[in-house]
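J.: Structure for the following, please:
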Amino acid sequence: MKIKNKAKILTLVIFLLLSFMMIPVNADLDPASPNYMGFDPSTQHVTIGDSVDIDFYGDIYQEITTYGIDNLTYLPAGVIDYISTTSGDLFGGTTLYGEPESDGEIHNDAGWCKFFLWGHTGGANNTNATAFDTSWDAAGVGMATLTITDGGTAYGGIDPGTTKYPGYVYVHPEGVSGFATIATGPTNIDLSWTKGNAADKTLIRWRDDGTNPTSVTDGTLLYNDTGVATSHPGLTGGDHIYYSAWGWNETEGFYSIDYETADAFTNSPPEFGTPSPTNGSGNQELSLTWSIPITDAEGDPFDWEIECSNGQTASDTDASNGTKQLALSGLAYSITYTVWVNATDDGSSQTTSEWFTFDTKANTPPAAPSNPVPADTATNVDPEIGYLRCVVSDANGEDLDVSFYWENHTLIGTDLGVTSGQYASVAISDLLENTGYDWYVNVTDGFDTTHGPTWNFTTGTISKVGGGAAGQNDVLILVLHGTDPVNGASVSLNRGTDPTAVGPLVATATTEADGTYEFNVGDGNYILTVAYPGLETQNIPLTVREDTQYVVYMVAVTPIEVGVGLFILTIALLLLGLLLAYLTVQKKMEENIGLLLFALINAIAIIIGILTGFFIFIAAGAILLLLEFLWVKR
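T.: The predicted structure is shown next:
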């Protein structure tokens, strides 16, 4: 007996469960049978602050004249607030018989309102018809349940046995606004936003597959807290991240209906390679090209600048990957120089900055001077030698300034800017015969000075011209113009080796009829000067060590080159002379003035022609003089 009762109870429970499953709760109307009341839509999701429209409907399968609700609750209070009511079409659009009932108040603070009544004279059979339209304000986050309580009436206040379905309104917090992202490095993205109304927290999720998350469970959680900013660290350069953000009400556990999206990609800043010379290197030249590779991983163009502590710079804009250079010059010895490098990525505006150093080499002082002339300890040096010389050199190849001194530190003279490995020289004069001299040389490269050793020499007797004395050399000079000897040419010997800076005069004379003259001089270096009118003067270096003969070939003086300008000027002068003569005759001026001027101009033309060999001047001057004579005779 107990078993049978238990079976009956189980059967009843199953039947009731199946019956409840047939009731369309929280869904739009799909009634199983007629004679019911409810709300359309039965479920709504709205955002706080929105206006909510809910229709009260009826499905009455009998003739009725009135339709009403004794009591309507919308709990909990504060989620939605009643605003207004308008009639529907249950009675064909007839007006409402009454507003909420006689107490005259809508009890939004308590979540209920009283009697609503609609009526019509004459019956009507209505199927799924809207009885009235209501408007509500979504006042607070939460779920409000609308329920018809204390019965509903129809057909003169009699409830025909209707089923009453509840309605549901879910009020959500506002979503975020101003959702923004920015990459702040190759591995980090910063996010910021403004929270919406009734949102205690902000939920942010992300994806890296090219799409934004579409729900609060889609993608990967980044943030769920009360702040208005966060960061996404640990990324890789070139990552493109997509974000979605929702408002979240902690109390009710509701997310915002709407969400905002944003995206950003990390961008690697430019990277520097190994500079040349390497960082911290030493012994660098005073002129060099400093360089460094600069690359951008994404291939973005970038702006770069290189600046050295000596003030020299190089830069470029919208550059591509490659080695960038700065040419340096005028550096000083034994100095540590700093080079700053900046590169800004055009894609992300991120800047990479580094600095590097290098040391210049120490200076090597000039080598000690060598190869003195006269040679060290030389004797019988010609007192009229006219110079001192020595070889100077520098390991760095720098030009050298050379100062010559007598032993008592009296400056003889200087030779500036001497090329390394060449002779430096200074002119001397007034050496005494048979006298010893000590001298030395200081050499500087602008940084260090090398003091040379002290050399000495002893002079002999000044060589005399002619006389055939011992140690003298017969030097026969033959002067020719073509194959013809030049009689009476001026010949002279001066000490020295430089034709442009001859030293003291040794002897001078003129050539004989056969074009010769013989000097008798001692060993030495001389400049032979030969001059003759109409022939080019010759300055010839001679080294005399023994009897010898020198042949000097003379050439005619090069005629003055007459260009077009001089020719035009001459013609103009000739015409001017002719004009003056003409004016003299026509204006009855004193005839001798015009004739004199004209004759003078023509004479100048003839002289120029003779001196230059420009015979047209000679002919023109002569012809015009003839014309002048004929004119006057006329």
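J.: residue ranges with poor pLDDT in the stretch 501-634 of the chain?
T.: 558-599, 609-615, 617-618, 625-626, 628-634 (pLDDT under 70).
J.: can you pull out the helices in it?
T.: 564-586, 591-612, 615-633 (DSSP state H, counting those that start in this stretch).
J.: Kindly check the end-to-end length of stretch 396-409 for me.
T.: This stretch, stretch 396-409, spans 28 Å end to end (C-alpha to C-alpha, to the nearest Å).
J.: For it, what is the distance to the chain centroid?
T.: 47 Å (C-alpha atoms, centre = their mean, to the nearest Å).
J.: Would you mark the buried spots in it?
T.: By 16 or more other C-beta atoms under 10 Å, the buried positions in stretch 396-409 come out as 398, 400-405. To be clear about C-beta, it is placed using only N, CA and C from the backbone, and glycine gets the same treatment.
J.: and Val171, how many neighbours does it have?
T.: 29 (other C-beta atoms under 10 Å).
J.: what's across from it in the sheet?
T.: Val46, Gly142 (DSSP bridges).
J.: doesn't Gly140 make contact with it?
T.: Yes. Using C-beta atoms under 8 Å, Val171 is in contact with Gly140, at 6.3 Å.
J.: what touches both of these two?
T.: Here Val171 and Gly140 have 48, 79 as joint contacts, going by C-beta atoms under 8 Å, 6 or more residues apart in numbering.
J.: Run a quick neighbour tally on Ser177.
T.: 13.
J.: for the residue nearest to it when sequence neighbours are not counted, what are its contacts?
T.: The shortest distance from Ser177 to any non-neighbouring residue, by C-beta to C-beta, 6 or more residues apart in numbering, is to Thr194 (4.8 Å). Listed by C-beta under 8 Å, 6+ apart, the contact set of Thr194 reads 176-178, 228.
J.: Greatest separation within those residues: which pair is it?
T.: The span of those, defined through C-beta to C-beta, is set by Ser177 and Val228 at 10.6 Å.
J.: between these two, what contacts are shared?
T.: 193-194.
J.: Determine the number of other residues adjacent to Gly534.
T.: Residues near Gly534, counting by other C-beta under 10 Å: 8.
J.: before we move on, what about Ile527?
T.: By other C-beta under 10 Å, neighbour count at Ile527 equals 23.
J.: just use 391 as the starting number from now, easier for me
T.: Yes, from this point I'll number from 391; that puts the last item at Ile917.
J.: middle-most residue in the protein, spatially?
T.: Closest residue to the average C-alpha location of the chain: Asp706 at 3.1 Å, with C-alpha atoms, centre = their mean.
J.: in what helix or strand does Gly428 lie?
T.: strand 426-430 (DSSP states H and E).
J.: for that strand, packing partners?
T.: Packed against strand 426-430, as judged by 3 or more C-beta pairs under 8 Å, 6 or more residues apart in numbering; DSSP states H and E, are the following elements: strand 441-465, strand 532-544, strand 553-554.
J.: quick one: buried residues of the following helix or strand past the longest one?
T.: Stepping forward along the backbone from strand 441-465, the first helix or strand reached (DSSP H and E) is strand 470-477. The neighbour-count check on strand 470-477 (16+ other C-beta under 10 Å) flags 470-472, 475, 477 as buried.
J.: now swap in stretch 665-684 and tell me
T.: Those buried within stretch 665-684 under the rule 16+ other C-beta under 10 Å are 665, 667, 674, 676, 678, 680-682, 684.
J.: Next secondary structure element downstream of the host helix or strand of the residue nearest to the centre of the chain?
T.: Using DSSP H and E, Asp706 sits within strand 703-709. Counting by DSSP H and E, the next helix or strand C-terminal to strand 703-709 is strand 712-718.
J.: what's in contact with that following strand?
T.: Contacts for strand 712-718 (C-beta under 8 Å, 6+ apart): 663, 677-685, 694, 696-698, 700, 702-704, 706, 727, 729, 731.
J.: Enumerate every residue touching Arg779.
T.: By C-beta under 8 Å, 6+ apart, the neighbours of Arg779 are 761-763, 813-815.
J.: Also Asp471?
T.: 496, 498, 526-527, 529.
J.: Let's see that with 7 Å instead.
T.: 498, 526-527, 529 (C-beta atoms under 7 Å, 6 or more residues apart in numbering).
J.: Next one: it, what pLDDT does it get?
T.: pLDDT recorded at Asp471 is 93.
J.: ok, it to Ala1009 distance?
T.: 128 Å (C-beta to C-beta, to the nearest Å).
J.: How about His799?
T.: Counting by C-beta to C-beta, the gap from His799 to Ala1009 is 70 Å.
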